[in-house]
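>>> Dropping a prediction and its sequence here:
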Amino acid sequence: MRSLFRFLLRNYFLMMFLALEAISFVLIVSFNNYQRVTFFNSSNNFAGTVYEKFSSIDDYFSLSRTNARLAAENASLRKQLLFRMSLQEQYPVNRPDTVEAPAYIFTSAKVISNSVNKQFNYITLNKGSRHGIKPDMGIIDASGVVGVITNVSPNYSTGLSLLNKRLMGISAQITKNNYSGALVWDGENYNTADLKEIPFNVMVNVGDTVVTSSNSGIFPEGIMIGTIKKVDVQSGTNFYNIKVELSTNFKTLKYVEVVQNTKRTELIKLESNNVGE
Amino acid sequence: MIKDFGKYAIMFVSLVLIQVLILNNIQFSGFVNPYIYILFILLLPFNIPGYILLGLSFLLGLSVDIFNSTPGIHSGATVLLGFLRPGIANLISSREIIEKGNTPNLKQLGFASFLKYTIFAVLIHHLFLFYAEAFSFGGFFHTLLRTILSSIFSIVLILASQFIVFKN
């Protein structure tokens, strides 16, 4: 016993090194975003506050760009509104049901931290559970899909950006023919991702638009994801290799909207009934 | 000693903040991300006790991890660097300089030794970091390319910071 003790004492540097590496390794392996580990990520209050303070300084330098983008979005929304109103005048029967609550609720939030150059990129927003944000809500911005919320603290939330290999596929479809597949980031370039599971019998062309499908229950149907950049035929499989050029510019994200599907729990409950049979 | 403690505490906080607020936002072609916060480990005195060296290395890595939402990745890399630091120091420097309890900075070591010291340290840290981040050897060369490009930037920035501090 004593000699063991002496051995440990003599080699304490090595032992301490091994112990600390073991702790790090356990942290790496056990950190799974779906376990809601709230301390070791930037949704905790301390890191969130630091990021927010810094981001408010940074904002001054991008005011004009952000303004221009918001104005452009306003203009496009106004155009859509006018179009809807004129449709309603022409076809008064098609009046939307105002009693029914909308399925999707949008909350605007500001990006206070974001990266594009890791294999696992995360995004931190300045809104949290006090503002009604919950895990598994979608994040979008004016130009397209951004990611999914995973961790929430009272004032902040973090999510997996689309540029994160832990994000196991966003359900996406090709607008032209409604075929849907899974969108997975390739881990190489911050403006392309792979669209998987599109079979050979489908006609796919470069330039086709890819949008979210309604399968996921996280995003509303038809939110822009990007356009097809390259189509490859891989021998030995039944599926295309499709590269999609993402419409969202992840480098300049500033303001985003968090989407809540108010009927998601109902949907999941209903669908889970089918599993056991 | 107390004065040194204050100096190192300020250095710790400012390096972590510079890293997470400024350098992590340098997103040059999506490949390059310099990590200069390890300068803190490099600049600890030669005669620092081993447990303090390892403990501080772990704390430093963990602080950066918390901001990056990457628990374990940076702390693993910094602990490895802390463990190998005495070895690297022996490799690049003579016995007298080490035993006097100097600080391994540019002024004490001279340019050639400090450059070697930095290159070894940055490569060890970055190799561990990028492969732990990818968590696989799939895409081996892609990860290697990212490691090398980022290492070059880190080394240049660390040397530049030393030149700014010791410009007189």
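Received the coordinates, thanks.
>>> Pull the contacting residues for the residue of chain A found nearest chain B.
Using CB to the nearest CB, A:L27 is the residue of chain A that sits closest to chain B, at 3.0 Å. In this view, the C-beta of every residue, glycine as well, is placed from N, C-alpha and C. Under the criterion of CB atoms under 8 Å, 6 or more residues apart in numbering or on different chains, the neighbours of A:L27 are A:40, B:65, B:71-72, B:75.
>>> Reformat the residues you listed as CSV; add pLDDT, distance to A:S86 and secondary structure.
Output for the contacts of A:L27, formatted as CSV (pLDDT from 0 to 100; distance: CB to CB, whole Å; DSSP: H, G, I helix; E, B strand; the rest coil):
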residue, pLDDT, distance to A:S86, secondary structure
A:F40, 57, 53, coil
B:D65, 87, 54, helix
B:P71, 81, 54, coil
B:G72, 85, 57, coil
B:S75, 92, 60, helix
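>>> Specify which member of these is nearest to A:L87.
Of all those, A:L87 sits closest to A:F40, with 50.5 Å by CB to CB.
>>> who's in contact with B:I92?
By CB under 8 Å, 6+ apart, the contact set of B:I92 is B:109, B:113, B:116-117, B:120.
>>> ok, back up a step: which pLDDT value goes with the residue of chain A closest to chain B?
On the pLDDT scale, A:L27 is placed at 82.
>>> can you check A:S247 too?
91.
>>> So what does it look like in phi/psi?
phi -80, psi -20 (degrees, to the nearest 10).
>>> how many neighbours does it have?
Neighbours of A:S247 under the rule other CB atoms under 10 Å in any protein chain shown: 19.
>>> host element of the residue nearest to A:E197 when sequence neighbours are not counted?
Sequence neighbours aside, A:G181 is the residue nearest to A:E197 in space, at 3.9 Å (criterion: CB to CB, 6 or more residues apart in numbering or on different chains). If you go by DSSP states H and E, A:G181 is part of strand A:180-185.
>>> List just the nearest of the contacts of B:I92 to A:Q234.
B:F120 (42.0 Å).
>>> isn't that closest one right next to B:I88, touching?
Yes: contact status for B:F120 versus B:I88: in contact at 4.8 Å, counting by CB atoms under 8 Å.
>>> quick one on the thing from earlier: give the contact list for the residue nearest to A:E197.
So A:G181 contacts A:171-173, A:195-198, A:242 (CB under 8 Å, 6+ apart).
>>> Select the longest helix from the chain.
You didn't say which chain, so I picked chain A. helix A:63-90 (DSSP state H).
>>> Chain B was what I was after
In chain B, taking DSSP H as the definition, the longest helix is helix B:140-165.
>>> how close does B:T118 get to chain A?
In this view, B:T118 and chain A are 22 Å apart by CB to the nearest CB, to the nearest Å.
>>> How many residues are close by that residue?
Neighbourhood size, B:T118 [other CB under 10 Å]: 25.
>>> For the stretch 1-150 of chain A, what lies in contact range of chain B?
Counting by CB under 8 Å from any CB of the partner chain, the stretch 1-150 of chain A comes close to chain B at A:12-14, A:16-17, A:20-21, A:23-29, A:31, A:37, A:39-42, A:44, A:46-47, A:50-51, A:54, A:113, A:115-120, A:122, A:124.
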